[in-house]
Every structure is written in C-alpha cells, then in structure tokens.
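Asker: could you look at this predicted model? Sequence included:
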Amino acid sequence: MELRELFNDIEKYQEKEIILQGWIRNHRKQKEFGFIDFSDGTCFEHIQIVYDNQLDDFEEITKLHNGSAIEVRGKIVSSQGEKQAFEVKANNIILLGDAVEEYPLQPKRHSREFLREISYLRPRTNLFQAVFRIRSLASMAIHTYFQERGYVYTHTPILTANDGEGAGEMFKVTTLNLNELPLTKEGEINYQDDFFGKKVGLTVTGQLEGEAFALAFKKIYTFGPTFRAENSNTKTHASEFWMIEPEIAFCELEELMDIEEDMLRFIVKYIFQHASKEMDFLDQFVSPGLKDKLKIVLEKKAARITHEEAINILKKSKKKFEFEPKQGEDLAREHEKYLTEEYFQSPVCVYNWPKEIKAFYMKLNDDQKTVAAVDLLVPGSGELMGGSQREEDYDKLISRMKELKMSSQGLEWYLNLRKFGGCKHSGFGMGFERLLIYLTGVENIRDVIPFPRTPKSCDF
C-alpha cells in the first residue's frame with residue numbers, strides 16, 4: 001500500500017498487516033533494535049519503522065544505508081515515541097536497491113546551492129518534496145480553474161518564427177552546419193537553406209497565437225514552456241520556464257482584472273486545501289508568516305490604481321527609494337513592495353501604463369498617452385501577472401507599429417485577425433515559477449524548477 005492511503009485513515013489499519021515500498025530517509029541502529037525513517041513519496045508525511053533482534057536477518061538489516069529502497073512488511077501499532085502516534089512494527093525488511101555509503105543526502109542540513117548540484121536527488125529532501133508537490137497541485141489548480149469556466153486549453157507552438165516583438169531574446173533553432181554556414185551575397189546567414197526555410201527560434205510567448213484561438217473559442221488559455229535567451233543571473237530569471245496565458249474575447253480591462261484576482265484566489269485556496277502539511281512545513285521552516293501573507297489574497301480585494309496614481313503615492317511617501325519613482329517610467333521592485341506591503345497592505349492592480357514602456361499590441365487609451373495594460377502586484381513577490389486589453393482596431397494597430405518602426409512582415413496573419421471578425425479582447429500572462437515563488441516562500445527560481453536552465457547551466 002501507499003503512505004498516502006495509509007495516512008488518510010491510519011486508525012483503520014491499526015494492528016493490521018501492511019506492505020510498504022519506499023526509501024530510507026534515516027536509519028538509527030542500536031544493539032537490540034533499530035529505527036528507520038521511511039518515505040515512499042506519495043505524501044509529505046513519513047512513518048517510523050521499528051525492528052528488533054528477534055528478526056532472523058537483524059544484523060543484515062542494521063547495515064542498510066540511508067537512501068536505500070526497501071520493502072517493509074509489518075503491523076501498524078501505537079508508537080511509544082512522542083513524535084508520532086503510530087509506527088510500523090516490522091516482521092520483514094527486504095532490500096530492493098542499495099545506496100552506497102557515500103550517498104550525498106545524509107541526515108543533516110544541506111545548503112540549497114549544494115542541492116542544486118545534485119538536482120536529480122534533491123526531490124528526496126523535505127523542502128523539495130513540499131515545493132514540487134505544490135508545483136503539481138498548482139498546475140492542477142490552474143487547469144481546474146479554467147476548465148470549470150469553459151476555457152479551451154490551447155497548445156501554442158514551441159518552434160516559431162514569431163519573436164513576440166520584444167517579449168525577450170530568442171534561442172535560435174537550426175539544422176545548418178555551424179562550421180560551414182551558407183551566406184547570402186550580403187554576408188548574412190541564408191536561412192532559406194535551413195529546415196524551415198526561415199529564421200526560427202524557441203517561443204518567448206504564446207500570446208499572439210492564443211489571440212487567434214480566442215477569436216474562435218471566446219475563452220482560451222495556454223500553459224506551456226517558454227524560453228528567454230537573456231544573460232540574466234537574478235533570483236527570478238530562468239532561460240526555460242512555464243507560462244499561463246489566458247485570452248478572452250469580448251473582454252475589457254476591468255473584467256480582465258476581475259479574472260486575474262479570481263484565478264489567484266482560487267489557486268491559493270486550492271493549495272491550502274490540498275497541501276496543508278506542505279504549507280505548514282514551509283511556514284515553519286522556510287518562510288515564517290507565509291500562510292498569513294497568502295491569506296491576504298483570500299481576505300482582501302486588490303486595490304486598483306492607475307500608473308500615474310501609483311507614482312504620485314510613491315512620491316508623497318517621502319520614503320528614500322534607491323530608484324526615484326518617475327512618471328512615464330516602470331516600477332522598481334522596491335516600489336511594488338511599498339505599494340503592496342506598506343501603503344495598501346493588499347494586492348494591487350496598477351493599470352493604464354505609459355505607452356512608451358509597453359508592447360505594440362496593447363490598446364491605446366483616449367488620452368493617446370497610456371495603454372489599457374495592468375500589472376497585478378502581490379505582497380511579498382511584487383508583479384505576478386501582466387496583461388492588457390488588446391488593440392482590436394486594424395488601422396490603430398498599424399499606426400502603432402509604424403510609430404515603433406516595426407515591420408509587419410511575418411505578422412500579417414496577426415493583423416488580419418482585426419479584419420476578419422475582430423472584437424474587443426484581453427489577456428494576461430503569469431510566469432508559473434513566479435507563482436510558485438509566491439506560494440512557497442522559496443525565493444530563488446532555481447529552487448522551484450525541477451532541473452533549472454540558466455546562463456552557463458544546462459545540467460542533467
């Protein structure tokens with residue numbers, strides 16, 4: 001049986017014979033008996049296995065190493081120890097897979113930097129058992145939220161000739177011989193000889209293709225990997241990460257903000273319901289106050305202010321910021337922190353951003369200075385989601401692209417969406433790993449991705 005099943009109703013199995021298969025987390029041997037801290041990975045909880053010298057192979061069992069895979073046959077009994085109510089009194093322990101004496105995960109504290117070096121083993125630690133189970137549950141929560149509300153899950157391309165127009169530097173994909181690149185007369189790479197006959201890269205966003213499907217299904221969402229070839233080594237940047245990007249037809253900015261809030265509230269509630277043990281562990285050992293921080297989302301509606309109002313609030317605060325808040329410029333992390341944690345003490349939607357610092361596809365407001373864009377900021381993490389109402393007017397979109405000196409080549413299909421039954425529509429993007437940083441209190445993106453890809457690091 002599995003520990004997950006056992007712990008769901010452990011009293012039901014008291015004094016009953018069970019069979020467990022899993023791994024030794026820790027093994028303490030004494031002269032006449034021993035204790036094994038046992039986990040099978042099916043739930044966050046462990047169980048203690050007790051054995052004594054009445055077993056014929058007692059001496060062999062005492063030699064079992066930490067990390068070894070074993071099968072345990074025994075009876076659930078009340079525990080004599082203080083740390084657990086029940087334990088397994090073993091009548092047979094079988095070695096299924098040995099672990100050598102040099103097994104890296106010995107019962108002591110290991111730094112997260114060290115654990116990144118053995119990413120293939122770190123899921124066996126309590127921290128990463130919690131983090132990656134929450135990753136799984138958060139993924140399920142996202143799919144559940146959208147599926148229950150009639151959204152169509154859309155798989156947008158990973159290989160694409162569309163660079164998202166400024167969404168980030170692309171990784172190039174080619175089958176050309178890098179030692180003998182074909183060149184044009186002008187000395188540039190001749191991509192006509194490449195596999196797709198054109199310059200292709202790994203996607204930085206599925207938004208544009210998502211818009212096409214929203215104008216057929218009304219409500220869609222993407223949830224898949226995206227890639228950025230940015231040489232950034234911060235705690236919140238990775239070269240490969242996952243994005244959630246809903247697109248909704250007939251939706252304006254105000255409704256989009258409602259959806260962002262509602263989705264976040266649903267996810268937090270789902271995690272509290274399905275990962276209570278993991279959240280207790282993270283709250284106690286990783287990020288004290290984590291649960292209270294997340295409960296703010298459940299208890300308080302997000303404040304809604306324009307970008308201009310946000311800058312005015314920051315200026316009037318008289319607080320000494322490292323980066324001076326200025327109209328027309330982006331918000332720094334310290335600005336987001338002040339707005340969410342000190343001024344409003346709640347999530348904050350900052351909308352109507354200066355057009356100069358936002359993307360071409362965002363709807364231009366009547367003031368001709370701002371676009372209908374919104375960033376959702378949350379206490380403890382800052383920006384969590386970014387979205388906008390999309391420009392549905394063909395002529396205005398063309399004009400905006402010309403203003404930015406953008407070529408329409410390769411984007412003709414995207415522009416045609418405005419000519420063939422276009423309508424008001426909006427969408428947002430949320431980095432999945434940024435959500436996980438927020439949910440778990442684990443600050444480094446490298447620690448919420450199973451096998452992180454960052455500059456100069458593509459191991460395992």
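Answerer: That came in fine, so what should we check first?

Asker: can you give the contact residues for stretch 137-154?
Answerer: With contact meaning Cβ atoms under 8 Å, 6 or more residues apart in numbering, stretch 137-154 is reached by 206, 209-210, 213, 217, 219-223, 244, 246, 263, 266-267, 270-271, 274-275, 432, 435-436, 439. Where you see a C-beta, it was placed from the backbone N, CA and C, and this is true even at glycine.

Asker: what is the rounded mean pLDDT of it?
Answerer: Confidence for stretch 137-154, expressed as mean pLDDT, is 98.

Asker: pull the CA atoms of it into CSV?
Answerer: C-alpha atoms of stretch 137-154 as CSV (Å, rounded to 0.1, in the frame of the first residue of the first chain):
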residue,chain,number,x,y,z
LEU,A,137,-1.0,20.9,-7.2
ALA,A,138,-0.8,24.5,-8.5
SER,A,139,-0.7,23.2,-12.1
MET,A,140,-3.9,21.2,-11.4
ALA,A,141,-5.5,24.2,-9.8
ILE,A,142,-4.8,26.3,-12.9
HIS,A,143,-6.3,23.7,-15.2
THR,A,144,-9.3,23.2,-12.9
TYR,A,145,-10.0,26.9,-12.7
PHE,A,146,-10.1,27.4,-16.5
GLN,A,147,-11.7,24.1,-17.4
GLU,A,148,-14.6,24.6,-14.9
ARG,A,149,-15.2,28.0,-16.5
GLY,A,150,-15.3,26.9,-20.1
TYR,A,151,-11.9,27.9,-21.4
VAL,A,152,-10.3,25.8,-24.1
TYR,A,153,-6.7,24.6,-23.4
THR,A,154,-4.7,25.6,-26.4
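
Asker: which positions in it come out as buried?
Answerer: By 16 or more other Cβ atoms under 10 Å, the buried positions in stretch 137-154 come out as 137-139, 141-142, 145-146, 151, 154.

Asker: and for stretch 350-365?
Answerer: Quick answer for stretch 350-365 (16+ other Cβ under 10 Å): 350-355, 358-365.

Asker: now for the residues you listed: which two are most distant?
Answerer: Maximum pairwise distance in the buried residues of stretch 350-365, criterion Cβ to Cβ, is 20.0 Å, between 350 and 360.

Asker: which residues in the chain form helices?
Answerer: According to DSSP state H, the chain carries its helices in the segments 3-8, 58-61, 112-117, 126-148, 207-217, 253-274, 276-285, 290-299, 307-316, 333-337, 394-403, 412-416, 432-440.

Asker: just send these back as a markdown table, with distance to residue 426 too.
Answerer: Below are those laid out as a markdown table (distance: least, Cβ to Cβ, whole Å):
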| stretch | distance to residue 426 |
| --- | --- |
| helix 3-8 | 40 |
| helix 58-61 | 62 |
| helix 112-117 | 38 |
| helix 126-148 | 15 |
| helix 207-217 | 9 |
| helix 253-274 | 4 |
| helix 276-285 | 32 |
| helix 290-299 | 21 |
| helix 307-316 | 17 |
| helix 333-337 | 22 |
| helix 394-403 | 15 |
| helix 412-416 | 16 |
| helix 432-440 | 20 |
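
Asker: ok, which of those helices comes nearest residue 377?
Answerer: Closest to residue 377 of those, according to Cβ to Cβ: helix 333-337, at 4.8 Å.

Asker: so which elements touch the closest one?
Answerer: strand 382-390 (3 or more Cβ pairs under 8 Å, 6 or more residues apart in numbering; DSSP states H and E).

Asker: which stretches of the stretch 51-200 of the chain have low pLDDT?
Answerer: 164-168 (pLDDT under 70).

Asker: for the stretch 201-350 of the chain, same thing?
Answerer: Looking at the stretch 201-350 of the chain by pLDDT under 70, you get an empty list.

Asker: what lies in contact with stretch 178-194?
Answerer: Contacts of stretch 178-194 (Cβ under 8 Å, 6+ apart): 174-176, 197-200.

Asker: what about the nearest residue in space to residue 160 that is not next to it in sequence, distance to residue 221?
Answerer: Distances taken as Cβ to Cβ, 6 or more residues apart in numbering place residue 203 nearest to residue 160, at 4.8 Å, with adjacent residues excluded. The spacing between residue 203 and residue 221, counted by Cβ to Cβ, to the nearest Å, is 16 Å.

Asker: re the thing from before, looking at the contacts of stretch 178-194, spot the one nearest residue 69.
Answerer: Nearest to residue 69 among those, with distances taken as Cβ to Cβ, is residue 175, at 41.8 Å.

Asker: count of residues packed around that closest one?
Answerer: 9 (other Cβ atoms under 10 Å).

Asker: what is the neighbour count of the residue nearest to it when sequence neighbours are not counted?
Answerer: Leaving out its chain neighbours, the residue that sits closest to residue 175 by Cβ to Cβ, 6+ apart is residue 195, at 4.3 Å. When neighbours are defined as other Cβ under 10 Å, residue 195 has 12 of them.

Asker: and if you look at residue 374?
Answerer: Residues near residue 374, counting by other Cβ under 10 Å: 26.

Asker: tell me who's in contact with the spatially closest residue to it that is not a sequence neighbour.
Answerer: Distance criterion Cβ to Cβ, 6+ apart; nearest residue to residue 374, sequence neighbours excluded, is residue 351 at 4.1 Å. By Cβ under 8 Å, 6+ apart, the contact set of residue 351 is 253, 257, 304-307, 372-375.

Asker: go with 10 Å
Answerer: 253-254, 256-257, 304-307, 309-310, 365, 370-376, 387-389 (Cβ atoms under 10 Å, 6 or more residues apart in numbering).

Asker: before we move on, the earlier item: show me how to select, in ChimeraX, the buried members of the contacts of stretch 137-154.
Answerer: To isolate the buried members of the contacts of stretch 137-154 in ChimeraX, using 16+ other Cβ under 10 Å:
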select :206,209,210,213,219,220,221,222,223,244,246,263,266,267,270,271,274,275,432,435,436,439
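
Asker: measure the residue nearest to residue 374 to residue 261 for me?
Answerer: 13 Å.

Asker: do the same with residue 366
Answerer: Distance from residue 366 to residue 261, by Cβ to Cβ: 25 Å.

Asker: the two - which one has more neighbours?
Answerer: residue 261 (18 against 6).

Asker: pretty sure that one is touching residue 254, no?
Answerer: No. Applying Cβ atoms under 10 Å, one finds residue 261 not in contact with residue 254, separated by 11.4 Å.

Asker: which neighbours do those two have in common?
Answerer: With Cβ under 10 Å, 6+ apart as the test, residue 261 and residue 254 both reach 304, 349.

Asker: rounded mean pLDDT for stretch 376-383, please.
Answerer: Regarding stretch 376-383, the rounded mean pLDDT is 92.

Asker: may I see the buried residues of that stretch?
Answerer: For stretch 376-383, the neighbour count (16+ other Cβ under 10 Å) marks 376-383 as buried.
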